[in-house]
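Novice: Mind folding the following:
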Amino acid sequence: MRGWMTDKKSYIPPVKLGEVMRGVGIGVVVESKSDKFKAGEYVFGTLGWQQYVAINANEIKIKIQNIPGISLTSWLGPLGSTGLTAYFGLLEIGKPKPGQTVVVSGAAGGVGQVVGQIAKLKGCKTVGIAGSDKKCEMLIQRYGYDAAINYKTTPNLVDALTKYCPKGIDVYFDNVGGPILDAALARINRGARVVLCGGISQYDSDPSKMQGPKNYLQLVVTSSTMQGFIVMDFMSQWTQAITELIGWMKEGKINFGEHVVNGIEEAPKALPMLFTGENEGKLIVKISEPVKPKL
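Specialist: Residues are numbered from 1 along each chain as shown. Next comes the predicted model:
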């Protein structure tokens, strides 16, 4: 969303001044002129920061299934764009192998928490980087990370990564950019895969002062790759991914945390929480109480 507020070339046009702020969400169909959807059904799509929206049926990404044991908000978390981002970024670009070491920055966020759990399912050692001791404890206790590093209190991040990744880093899943990316690059193994999901440390930077990787030559000397992506790149595979994620959730192998802010009027206050680190888990703005779907 922060990127969409900036007037520069990207994978999608910026939100213009005066337009409804773009955002993905869950909605319930009030009225439908399409045979694809019925009143009372839940849907997931780019619904925007608003209480009601008139939208073309083709713009709805997912008709939400009513699955026992799967909460509605799961479709904004592990079954939504953040979970799918974690799934495709790790499995399609990171390509983890059993026994390898996976490091994740922003590990306590909506994407990071799922990345770590999928990596464990694939037999990897996982190390998460987060911004508080509470979040680091949650990474280990709730999401199964093998180790966690509080970057705000760690004097030397490279030393910490050396300690917790003695055999080096095979997959680095980056949500942060900046100095943390530099530290991870210093520890990558030969043939490592660096997954560029985001760079939240740089989103508010003056374009002329944005910090790129200072030691990118590590990619050369280790014959490693660094690749960016967006979840829309894999839309044709969403159904397959959601099916697998649902299976893991039913088996209790994927947990998720969420931080809910109540009221659309609080949305402008909620977004900056992503930059201060106040949120713990997937940040959700709850516009209204859900109604029972007629599925």
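Novice: the domain parsing of the protein - what is it?
Specialist: The record assigns the chain these domain ranges, following automatic domain parsing: 3-69+256-286, 81-232.
Novice: residue contacts, V24?
Specialist: The neighbours of V24, taking CB atoms under 8 Å, 6 or more residues apart in numbering as the test, are F44, G45, T46, L47, K61, L76, G80, S81. Where C-beta positions appear, they are placed from N, C-alpha and C, glycine not excepted.
Novice: Torsion angles phi and psi at it?
Specialist: Per-residue torsions, V24: phi -80, psi 150 (degrees, to the nearest 10).
Novice: how near is the residue lying closest to I129 once chain neighbours are set aside to K209?
Specialist: The spatial neighbour of I129 that comes closest, neighbours along the chain excluded (CB to CB, 6 or more residues apart in numbering), is S105 at 4.5 Å. Relative to K209, S105 is positioned 20 Å away (CB to CB, to the nearest Å).
Novice: do A270 as well
Specialist: Distance of A270 to K209, given as CB to CB: 27 Å.
Novice: the more surrounded of these two?
Specialist: Neighbour tally, A270 and K209, criterion other CB atoms under 10 Å: the higher count belongs to A270, 19 against 7.
Novice: Which residue is the nearest non-sequential neighbour of that one?
Specialist: Excluding the flanking residues, the one nearest A270 by CB to CB, 6+ apart is V261, at 4.4 Å.
Novice: partner residues bridging that neighbour?
Specialist: V285 (DSSP bridges).
Novice: Just list the residues touching it, thanks.
Specialist: Taking CB under 8 Å, 6+ apart, we find V261 in contact with A267, K269, A270, M273, L283, I284, V285, K286.
Novice: Go through those residues and name the one with the lowest pLDDT.
Specialist: Lowest pLDDT of those: M273, 84.
Novice: With adjacent residues omitted, what lies nearest to that residue?
Specialist: Nearest in space to M273, with sequence neighbours left out and distances taken as CB to CB, 6+ apart, is N279 at 4.7 Å.
Novice: Report how many residues lie close to the one you found.
Specialist: Here the number of neighbours of N279 (other CB under 10 Å) works out to 21.
Novice: ok, now the one 4 residues further on?
Specialist: Each residue near L283 was counted by other CB under 10 Å, and the total is 19.
Novice: Quick check: which element contains I129?
Specialist: I129 is part of strand 125-130 when elements are defined by DSSP states H and E.
Novice: That strand: partners in the sheet, and parallel or antiparallel?
Specialist: Within its sheet, and counting by DSSP bridges, strand 125-130 is paired with strand 101-105 (parallel), strand 147-150 (parallel).
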